[in-house]
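>>> fold the following, please.
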Amino acid sequence: MRNMQDPQAQSFARLRLRLTPLRSVEASIVESLSSPGELARTRTQNLISVRTSRSSHSPASRSNTPEMEEYEDVYAHPESRWHRVLYRCMRTTNAVPGRASTSQRSEMLPDDDDAPAVTLQACAADMRQIWGCPVIQQYLKEQGLFMEEQSGLLILAVFSTTSNGSLPKAMSRPMANDILRTRVKTIAPTETVLPNLEPGLEWRLYDVGGARRQRAKWAPFFDDMDLIIVLVPVSAFDQVLAEDKEINRLRDSFELWDELCQTKALYHIPTLLFLNKCDLLDKKLKAGIRLAEYLTSYEGKPNETKKALNYLSKRFAAMRKDSTAPQNTPCYIHHTSVVDIETTHTVIAYVRDKIILGQMRDSYFV
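Numbers count the residues shown, from 1 in each chain. Okay, here's the model as predicted:
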């Protein structure tokens, strides 16, 4: 039982009370990022959950063992209101920032009130206080919770506050670094067209799901692509799949890579493998989480980021070499952190050059 006479406990109780309005902010944000179908299912599930919760509070069903509430990561559904607005903006502006007038942008954006922004500004100082508390940070570390792996827009907003605890006016619109930390859930193959980025070129990106139930759907459609990009979150070595709690995410990435290398329809297409989220991998290893506990083949090797990345690179490269894929088909492996804008820009420029060189080679210009 908590000792409410403890000044620190009293401080946490006051903070919890003052931060209660963030619940409504969460509901508002989730609604804007969810599809209509998801909202209906969520409301039904919440209703069932409330009924179950009420019945579980009867004396006969109470337990002395407290249960921790489990939260899912926040992501933007491709059919959400936010994503539809983004798509209309891209279509109207031809994907070039600053091309639309102020009146055009105001017509495209939903007519929402500023309640979430006002609430965030009012709670900003308390959010900073609780996030900067050593007790909170120690608890998160002990529980193995790395908030950097979540969609951290609110945490970023906390660190972007001014010295007096209020949100600056610029925070009313997400910045580039914020957008890099969001997630758009892939539920079906989707096409994104980026015209007019440079004269004479139109980029077409096709995003496909890596979930087990989606893999068989997309491979036949990739036989005429210029390049296949595979992203492997190496920081997820201690996590399991959302669709199968028995399968380790890194092990699943190995299986996905092996399936890709063995798919004959894709033999002739160059492949780019991003070992992504290296920054989070570094934080986990430095926090004492051992890679060898989840990847037995790494047993006896140093629990260091550089050594671990070199090992993973060699293992993925060996799987490619041992597959039936032709050895003359290019395969590139890079260590990345997509929230590192400069490094990502360099890698994307490298990818662009490789694609253009391949096009010129196919056209007998080189």
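
>>> tell me the helix or strand right after the longest strand along the chain.
When the chain is parsed with DSSP state E, its longest strand is strand 190-198. As assigned by DSSP states H and E, the chain's next helix or strand after strand 190-198 is strand 201-207.

>>> who are the packing partners of that following strand?
strand 190-198 (3 or more Cβ pairs under 8 Å, 6 or more residues apart in numbering; DSSP states H and E). The C-beta positions use only the backbone N, C-alpha and C, and glycine is treated the same way.

>>> the strand it packs on packs against which elements?
Going by 3+ Cβ pairs under 8 Å, 6+ apart, strand 190-198 lies up against strand 201-207.

>>> name every strand pairing with the strand it packs on and say which way it goes.
Its sheet considered, strand 201-207 pairs with strand 190-198 (antiparallel) by DSSP bridges.

>>> from residue 225, how far out is residue 232?
Computed as Cβ to Cβ, to the nearest Å, the residue 232 to residue 225 distance reads 19 Å.

>>> what do you get for residue 144?
38 Å.

>>> who has more neighbours, the two?
residue 225 (15 against 12; other Cβ atoms under 10 Å).

>>> return the residues in contact with the closest residue to that one other than its chain neighbours.
Using Cβ to Cβ, 6 or more residues apart in numbering and skipping residues adjacent in sequence, the residue nearest residue 225 is residue 269, 5.5 Å away. Taking Cβ atoms under 8 Å, 6 or more residues apart in numbering, we find residue 269 in contact with 222-223, 225-228, 329.

>>> tabulate these in JSON lines, adding columns for pLDDT, secondary structure and distance to residue 5.
Shown next, in JSON lines, are the contacts of residue 269 (pLDDT from 0 to 100; DSSP: H, G, I helix; E, B strand; the rest coil; distance: Cβ to Cβ, whole Å):
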{"residue": "222", "pLDDT": "78", "secondary structure": "helix", "distance to residue 5": "64"}
{"residue": "223", "pLDDT": "80", "secondary structure": "coil", "distance to residue 5": "70"}
{"residue": "225", "pLDDT": "84", "secondary structure": "coil", "distance to residue 5": "65"}
{"residue": "226", "pLDDT": "84", "secondary structure": "coil", "distance to residue 5": "67"}
{"residue": "227", "pLDDT": "86", "secondary structure": "coil", "distance to residue 5": "64"}
{"residue": "228", "pLDDT": "88", "secondary structure": "strand", "distance to residue 5": "62"}
{"residue": "329", "pLDDT": "87", "secondary structure": "coil", "distance to residue 5": "69"}
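
>>> can you redo the residues you listed as JSON lines with distance to residue 200?
Shown next, in JSON lines, are these (distance: Cβ to Cβ, whole Å):
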{"residue": "222", "distance to residue 200": "24"}
{"residue": "223", "distance to residue 200": "25"}
{"residue": "225", "distance to residue 200": "20"}
{"residue": "226", "distance to residue 200": "15"}
{"residue": "227", "distance to residue 200": "18"}
{"residue": "228", "distance to residue 200": "23"}
{"residue": "329", "distance to residue 200": "27"}
